[in-house]
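Student: predicted model follows, preceded by the sequence.
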Amino acid sequence: MYDFELVKPSTVEEAVKALSGDEAQPLGGGQTLIPTMKQRLAMPGTLVSTTGIASMKGVSASGGVLTIGGATTHGTVAKEAASSYPGLAAMAANIGDPAVRNRGTIGGSLANNDPAACYPAGLLGSGGTVVTNSREIDADDYFQGLFTTALEEGELITAVRFNIPEASNYQKFEQPASRFALVGVFVAKHSDGVRVAVTGASEEGVFRWTEAEEALSSNFSPDAISGLSVDASGMMGDIHGTPEYRAHLVNVMTGRAVKAAG
Amino acid sequence: MPTVSMTVNGKPVSGEAEGRTLLVQFLRETLGLTGTHVGCDTSQCGACVVHVDGEAVKSCTMFAAEADGAEVKTIEGMANADGSLSVIQQAFQDHHGLQCGFCTPGMVMSAAALLKDNPKPSEAEIRDYLEGNICRCTGYHNIVKAILAASGQEVTPIAAE
């Protein structure tokens, strides 16, 4: 990979200042960014590491909201959110593999918005807020398509807030080589309705399956969606699965998630 | 070039590292600790797993400068103080948990990380934990047996026997 300058700030203020430079980019755990840089698909001039910023780490729950620092690893979320938000903790516990979970961060995952990543489904399914150094972004406004988010240049995810549902579950049909989702569905049953977020399937990245949400809000059971189908147009197609296959899996995985959520 | 300092297998070390220098390069090329292997270099295979501050990480997917000030443990630090094999290493030998041996450093480091958090894992838990460690000799059965044995559990007949 091309060389760059690595900066290791200890506060958000220092990080934001470093990010204002030309071709500067935040570095979370690097589990996607470093392989991307090895392939020379990314060539930042400066990487601003977030792992030394203590205020961006940790998990806390209060008033029905789970707050996770932007530099918190998947491994930490899997452990520390297990009692307050078990559905999200279980999702985090199945990202990548153990060594990847010890480095990869929630902020890195959400800033990248890979169309097959788990966290975008977790956040969009839960509903919540992306907190940056300068503002708060509603989860419904945050995801804007393939690898695209509402984040501006130099903006840093400092924390993420999830609305904790009454019941939830994430079902991932894994692409066995990459361990990303071929299709992943996060279902969350809130007191005011059900949210269903799908990753891995659409060419536009994570999306809410609103038809299923309406059906499940009046009857939270796999039967409620058995008659529904997802349009295959706009679904991703590759050697791992056709658009029709992915569309079919969306329904299957939603049903499994509803059943597992109970 | 910036200088990076860390503790590796209990010894303080330092050396020059560019921003892009990977931890595995620093271990192998700067420190000469070639027990940590580079298999895929794409964070899939796990041959490069080491412990950083007690946690298993893929050293091909972490910059050396990010381990500045950290406690790093590699396969070279796994043997007992008198040079004899550690319990996990001995179990790998006893149960023929390797064929070519290329993946073994990463397997041993992942096994050690698993047993630290979960001293008596089930066979399924061991297989699940080794998701990110690939053995191309397809020697998983004996690796799983070795880890079961290292955890002090009975090595029951397992699948494919």
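Tutor: Now that the structure is in, tell me what you want to look at. Just so it is clear, the structure is predicted and the values come from calculations on it, not from any experiment.
Student: strands of chain A, start to end?
Tutor: Along chain A, the stretches classed as strands by DSSP state E are A:5-7, A:24-27, A:46-49, A:59-62, A:65-69, A:128-132, A:136-138, A:157-163, A:167-174, A:181-190, A:193-199, A:207-208.
Student: buried ones in the fifth one?
Tutor: Spelled out, it's strand A:65-69. Neighbour-count burial for strand A:65-69, counted by 16 or more other CB atoms under 10 Å in any protein chain shown, picks out A:Val65, A:Leu66, A:Thr67, A:Ile68, A:Gly69. Backbone N, C-alpha and C define where each C-beta goes, glycine included.
Student: to the chain's geometric centre, what's the distance from that strand?
Tutor: Its chain's average C-alpha position is 14 Å from that of strand A:65-69, according to CA atoms, centre = their mean, to the nearest Å.
Student: so how far is A:Pro26 from A:Ala159?
Tutor: To A:Pro26, A:Ala159 is 14 Å away according to CB to CB, to the nearest Å.
Student: between the two, which is the more surrounded one?
Tutor: A:Pro26 (26 against 22; other CB atoms under 10 Å in any protein chain shown).
Student: would you mind listing what in chain B touches chain A?
Tutor: Within chain B, the positions adjacent to chain A are B:2, B:18-20, B:22, B:41-44, B:46, B:49, B:55-58, B:61-63, B:65-66, B:68, B:110, B:113-114, B:129, B:131-133 by CB under 8 Å from any CB of the partner chain.
Student: relative to chain B, which residue of the stretch 101-250 of chain A is the closest?
Tutor: A:Asn102 (4.4 Å; CB to the nearest CB).
Student: my guess is that residue contacts A:Thr73. True?
Tutor: Yes: shown here, A:Asn102 and A:Thr73 form a contact pair, counting by CB atoms under 8 Å, at 5.9 Å.
Student: and of the strands of chain A, who's closest to A:Gln144?
Tutor: Across the strands of chain A, A:Gln144 has its closest neighbour in strand A:136-138 (10.4 Å, CB to CB).
Student: give me the helices and strands touching that closest one, please.
Tutor: strand A:128-132 (3 or more CB pairs under 8 Å, 6 or more residues apart in numbering or on different chains; DSSP states H and E).
Student: next, count neighbours for the residue of the stretch 101-250 of chain A closest to chain B.
Tutor: For A:Asn102, using other CB under 10 Å, the count is 25.
Student: roughly how far is stretch B:123-131 from the heart of the chain?
Tutor: With CA atoms, centre = their mean, you get 15 Å for stretch B:123-131.
Student: perfect, I'm done here.
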